[in-house]
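>>> The following comprises the amino acid sequence and a computationally predicted model.
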Amino acid sequence: MTDTTAVLGYAWPLVVSPGEEVAFHLSSATLDTAEATLLRVRSADPDPNGPGLRFHQPGTPIDGPVALRNQPLRPGSCAIIPDSPALNRAGALSLGLFLFPTAPLAGPQTIIARWRDDTAEGWRLALNAEARLEFTVGAAGRQWRATAPRPVMEREWIFVCASLDPAAGRITLTQSSLDAQAGRDTGCTATAQAPEGIAWPADTALTIAAHALEAGAAPRTAGHFDGKIDRPRLLSAARDTPALRALAETLAPDPADPDLIAAWDFSRDMSTDTVRDLSANRLDGTLRHMPMRAATGANWDGRTVQWTEAPHLYGAIHFHSDDMHDAGWSPDLRLTIPEDWRSGFYALRLRARQGSEDPVESFVAFFVRAPLGKPRSRLAFVASTATFLAYANSALRLDQVHAEAMLEGLIALSRDDVYLQEHRELGLSTYDTHSDGSGWCYSTARRPIINMRPRGATFNYGNDTHILDWLEETGQDYDIVTDDDIHHHGAQTLSPYRCVITGSHPEYFSRSMIEAFDSYQRAGGRHIYLGGNGFYWRIGWHPTQPHAMEIRRGMIGLRTWEGEPGENALSFTGEPSGLWRASGRPPQRLVGVGFDAQVFTRSYPYEWRAPARDPRIAWAVEGIDLDAPLGDFGLRGGGAAGLEVDRVEPTLGSPPHLLWLATADRLDYGGVPTLEELRTLHRGTMGDQNARVRADIAFFPTARGGAVFSTGSIAWACALSHNNYDNAVSRLTGNVLRRFLDPSPFEGFDTEERSPEGVCPEA
């Protein structure tokens, strides 16, 4: 059995053009060296029943032995405020903030501190292992500590304040419940002796949601907090609880207050990694590992669910002890992409042997894009990097309690699955939940992603390479463009191409991406959609940090977690997230079909419908037996219609000129409809009794000679290679592609003509 995890790495940038440099950041805990080979990926799926692993080796200067080292991952988000004179004022100190703990019993956690762990100096407000608040002051080898007599409650807002009064020789710590009734009141006060004078440690950063392990402006951190922190305030005076609470409640503290050291407002600069201080000292800080912004604060009252309408109600940041944004590894290899290289899926292969252990073969994936405005082909394939990132390091196969019931069988774990369970520090996917139960809403490419590479999980990346393999086998040249480039550059990314193919699962789309495809189709572009569950979730890309995407799941759609009420707007853009259907742009308006069901038990063939015999579509079905099932074979469940499927639906925008060519509408009890399809619940909702649970193949012309062809199934791509590529799925796809590359217009679809037979009747 091949070891795929002894070497891990990531490429940065994830997407490069010819002439640009890509760096490979590698790590191994067990190997000193490996053999590196740069490959262009044709097929990434090792399934012996399919094409298998297929690569092209262009030959590069970095091919050969590479020295390895162990580069650790240090997860956990926090804010870091560099040392400054204002933080070194001698004498009294007090602080206040609103707190929403989400895992108070997960172990000791620091809330706010100016503390050096290596010397145990400074001050620190934290939760101890019993979920009790502690305020600690340390100096000269001694510590003074006040501990609250009552633990905090999980997922309840409290106000917390602490003060050091050297003149009185006292430390005071107070917590107050914001909803002090029905057993929620944990209010209490603790006092302890304090030193009469203290000198704070030099060159020590102030940290929020963690504490520093050593001195310096960018220290390593530990004791990471799980939960929300809202409106922290810091003063060089010993104020009482009412005064500190009033200061925390005000949205505009007086910057002229001579005792005010800092007053951070997390509702400012929402899309950045900067936290703003409203005091005259301007103690702005930087966020590490991208904690969740646009989080409802202690003052959120439900008047809005969009932070852009009332930013002051979203003054909290939700920190997580397992946040992972940037692995921070040093690069081990660098390569400038030759100008004459074809665009494509690429990977660095790393091979080694560990004595008598299994052979090591690991991959680090990246993409070479076609340069903007310089096409080398009439055809482009879109790499769905947003979807790859959304699923990056998904642990659902073990974490989702109903996974085996959904699959109707036992789960066979790969080495990657096992490794991910043991190494959550890699950071999980936007389908997973953090250790405190909240959902992962961000995903980035600055970390190893073990299911976006050859030999990885076949879903998404591996399935898409079956389309690349088919294009190579049929001798069809193509360019690769990436969807994040479509986001940044719009329709001009697509416009040089006569035809564009979207792959097996282009699920995640930003507004710019949707508008680019809409514009491309309106301008006469031809679009072949060879997948299922596409154009479904509305996402945002970070405005300045490449390859970082955001999703808020909300409370609609097929989801594995729900966000907190009021937190459905994207922090990156301020736009609503959730389903594109809920934003008035269901997939049917763009590609004729839209997601309606999952079917993981097995896959099925399509049956041809009468419109497949329409003379206007004869070019598509040439050489195909319309009396035989279409796609009663395939690597995913034995059929071409399966996994996740889409249907024609005029009420959601399937166009009037659409020809509904084929359908797989007998998906049995394993065909489970999406939640937005269920207005009421009854026993007839599954695929054995529900005509809306199906996969549909559709064609329709668009403006200026354009057209769309959609297959409505993720499993389609994995049926292309059956019988050495000689099959009806391959033939239909090839017929459509050849016709879509032919610039001649599609006849018989004038504005007055309708095709009642071809359009889906109301169910």
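Now that the structure is in, tell me what you want to look at.
>>> Without its sequence neighbours, what residue ends up closest to Gly328?
Arg74 (7.5 Å; CB to CB, 6 or more residues apart in numbering). To be clear about C-beta, it is placed using only N, CA and C from the backbone, and glycine gets the same treatment.
>>> Just the local confidence number for that neighbour, please.
Looking at Arg74, its pLDDT stands at 97.
>>> Do I have it right that it meets His224?
No. Judged on CB atoms under 8 Å, Arg74 makes no contact with His224 at a distance of 9.7 Å.
>>> which of these two has more neighbours?
Between Arg74 and His224, counted using other CB atoms under 10 Å, the more crowded position is His224 (26 against 14).
>>> any chance you could map the strands in the stretch 51-200 of the chain?
Under the criterion DSSP state E, counting those that start in this stretch, the stretch 51-200 of the chain contains strands at 54-56, 64-67, 78-81, 93-101, 109-116, 121-127, 133-139, 142-147, 158-165, 170-177, 188-193.
>>> quick one: strands adjacent to the second one?
Using DSSP bridges, the neighbouring strands of strand 64-67 in the sheet come out as strand 33-43 (antiparallel).
>>> Repeat that for the third one.
Each strand pairing with strand 78-81, determined using DSSP bridges, is listed with its direction: strand 206-208 (antiparallel), strand 285-288 (antiparallel).
>>> List of residues touching the longest one?
Counting by CB atoms under 8 Å, 6 or more residues apart in numbering, the neighbours of strand 285-288 from elsewhere in the structure are 77-82, 206, 208, 221, 264, 273-275, 277, 317, 325.
>>> Dump the C-alpha coordinates for it into PDB.
C-alpha atoms of strand 285-288 as PDB (Å, rounded to 0.1, in the frame of the first residue of the first chain):
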ATOM      1  CA  GLY A 285      -3.200  44.800  15.600                       C
ATOM      2  CA  THR A 286      -3.100  41.900  13.100                       C
ATOM      3  CA  LEU A 287      -5.200  38.700  13.100                       C
ATOM      4  CA  ARG A 288      -3.400  35.400  12.800                       C
END
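>>> Quick check: next helix or strand after it?
Once the chain leaves strand 285-288, the next helix or strand it forms, by DSSP states H and E, is strand 292-295.
>>> Please give me every residue in contact with Pro586.
Counted by CB under 8 Å, 6+ apart, Pro586 has contacts 580, 594, 649, 652-653.
>>> at 10 Å instead, please
By CB atoms under 10 Å, 6 or more residues apart in numbering, the contact set of Pro586 is 535-536, 579-580, 593-595, 649, 651-654, 676.
>>> now swap in Asp265 and tell me
Contacts of Asp265 (CB under 10 Å, 6+ apart): 230-232, 251-253, 275-278, 311-312, 315.
>>> Just those residues: which are in helices?
Among the contacts of Asp265, none falls in helices (DSSP state H).
>>> Could you identify the longest helix within the chain?
helix 728-741.
>>> and that one, how far from the chain's centre?
Between the centre of helix 728-741 and the centre of its chain there are 33 Å (CA atoms, centre = their mean, to the nearest Å).
>>> So which elements touch it?
In terms of contacts (3 or more CB pairs under 10 Å, 6 or more residues apart in numbering; DSSP states H and E), helix 728-741 is packed against strand 379-383, helix 463-473, strand 499-502, strand 526-529, helix 618-621, strand 695-701, strand 707-710.
>>> mind listing what's buried in that helix?
Buried positions in helix 728-741, judged by neighbour count with 16 or more other CB atoms under 10 Å: 728-737, 739-740.
>>> ok, the closest residue to Glu130 other than its chain neighbours - contacts?
In space, and not counting its chain neighbours, Glu130 is closest to Pro151: 5.9 Å by CB to CB, 6+ apart. Going by CB under 10 Å, 6+ apart, Pro151 touches 101, 104-105, 127-128, 130-133, 175, 186, 188.
>>> ok, of the residues you listed, which come out buried?
Among the contacts of Pro151, those classed as buried by 16+ other CB under 10 Å are 101, 104, 127-128, 131-133, 175, 186, 188.
>>> out of the residues you listed, who's nearest Asp269?
Using CB to CB, Pro101 is the member of these that lies nearest Asp269, at 25.3 Å.
>>> who's in contact with the closest one?
109, 111, 127, 131, 133, 151-158, 225-229, 436 are the contacts of Pro101 under CB under 10 Å, 6+ apart.
>>> Count the residues that sit near the nearest residue to Cys718 once chain neighbours are set aside.
Leaving aside its chain neighbours, Cys718 sits nearest to Leu635 (4.1 Å; criterion: CB to CB, 6+ apart). Applying other CB under 10 Å, we find 21 residues neighbouring Leu635.
>>> pLDDT score for Leu635?
The model reports Leu635 with a pLDDT of 95.
>>> for it, helix, strand, or coil?
Following DSSP: H, G, I helix; E, B strand; the rest coil, we place Leu635 in the coil state.
>>> Isn't it up against Asp469?
No. Here Leu635 lies out of contact with Asp469, judged by CB atoms under 10 Å, at a distance of 11.5 Å.
>>> And the strands in the stretch 501-650 of the chain?
Counting by DSSP E, counting those that start in this stretch, the stretch 501-650 of the chain has strands at residues 508-509, 526-529, 537-538, 540-541, 548-550, 578-579, 593-604, 607-608, 641-648.
>>> now for the ones you listed, which one comes closest to Leu681?
Between Leu681 and the strands of the stretch 501-650 of the chain, the shortest gap by CB to CB is with strand 593-604, which sits at 15.3 Å.
>>> Show me what that closest one is packed against.
Applying 3+ CB pairs under 10 Å, 6+ apart, one finds that strand 593-604 contacts helix 403-407, helix 587-591, strand 641-648, strand 659-664, strand 672-673, strand 695-701, strand 707-710.
>>> buried sites along it?
By neighbour count on 16+ other CB under 10 Å, the buried set for strand 593-604 is 593-601, 603-604.
>>> with the contacts of Pro586 in mind, which one is nearest to Ala192?
Distance from Ala192 was checked for each of these by CB to CB. The minimum falls on Leu579, at 52.6 Å.
>>> Identify the residues contacting the closest residue to the closest one other than its chain neighbours.
Spatially, and ignoring its direct neighbours in sequence, Leu579 is nearest to Gly557 (4.6 Å; CB to CB, 6+ apart). By CB under 10 Å, 6+ apart, Gly557 lies in contact with 536-538, 577-582, 595, 674-676.
>>> what about burial for the residues you listed, which qualify?
Those of these that meet the buried threshold are 536-538, 577-582, 595, 674, 676, by 16+ other CB under 10 Å.
>>> one step back: mind listing what the residue nearest to Cys718 touches?
Leu635 makes contacts with 45, 47, 49-51, 458, 463, 466, 603, 715, 717-722, as judged by CB under 10 Å, 6+ apart.
>>> Select from the residues you listed the one having the most neighbours.
Counting by other CB under 10 Å, Ala719 has the largest number of neighbours within the contacts of Leu635, with 33 neighbours.
>>> export the strands of the stretch 501-650 of the chain to JSON lines and tack on mean pLDDT and distance to Pro587?
Converted to JSON lines, these look like this (pLDDT from 0 to 100; distance: least, CB to CB, whole Å):
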{"stretch": "strand 508-509", "mean pLDDT": "98", "distance to Pro587": "9"}
{"stretch": "strand 526-529", "mean pLDDT": "98", "distance to Pro587": "9"}
{"stretch": "strand 537-538", "mean pLDDT": "96", "distance to Pro587": "11"}
{"stretch": "strand 540-541", "mean pLDDT": "97", "distance to Pro587": "19"}
{"stretch": "strand 548-550", "mean pLDDT": "97", "distance to Pro587": "19"}
{"stretch": "strand 578-579", "mean pLDDT": "94", "distance to Pro587": "10"}
{"stretch": "strand 593-604", "mean pLDDT": "93", "distance to Pro587": "4"}
{"stretch": "strand 607-608", "mean pLDDT": "98", "distance to Pro587": "22"}
{"stretch": "strand 641-648", "mean pLDDT": "96", "distance to Pro587": "7"}
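>>> remind me which residues of the protein are low pLDDT?
Within the chain, the segments meeting pLDDT under 70 span 356, 401-403, 405-407, 751-763.
>>> For Pro242, what are phi and psi?
As for Pro242, its main-chain torsions (degrees, to the nearest 10) stand at phi -60, psi -40.
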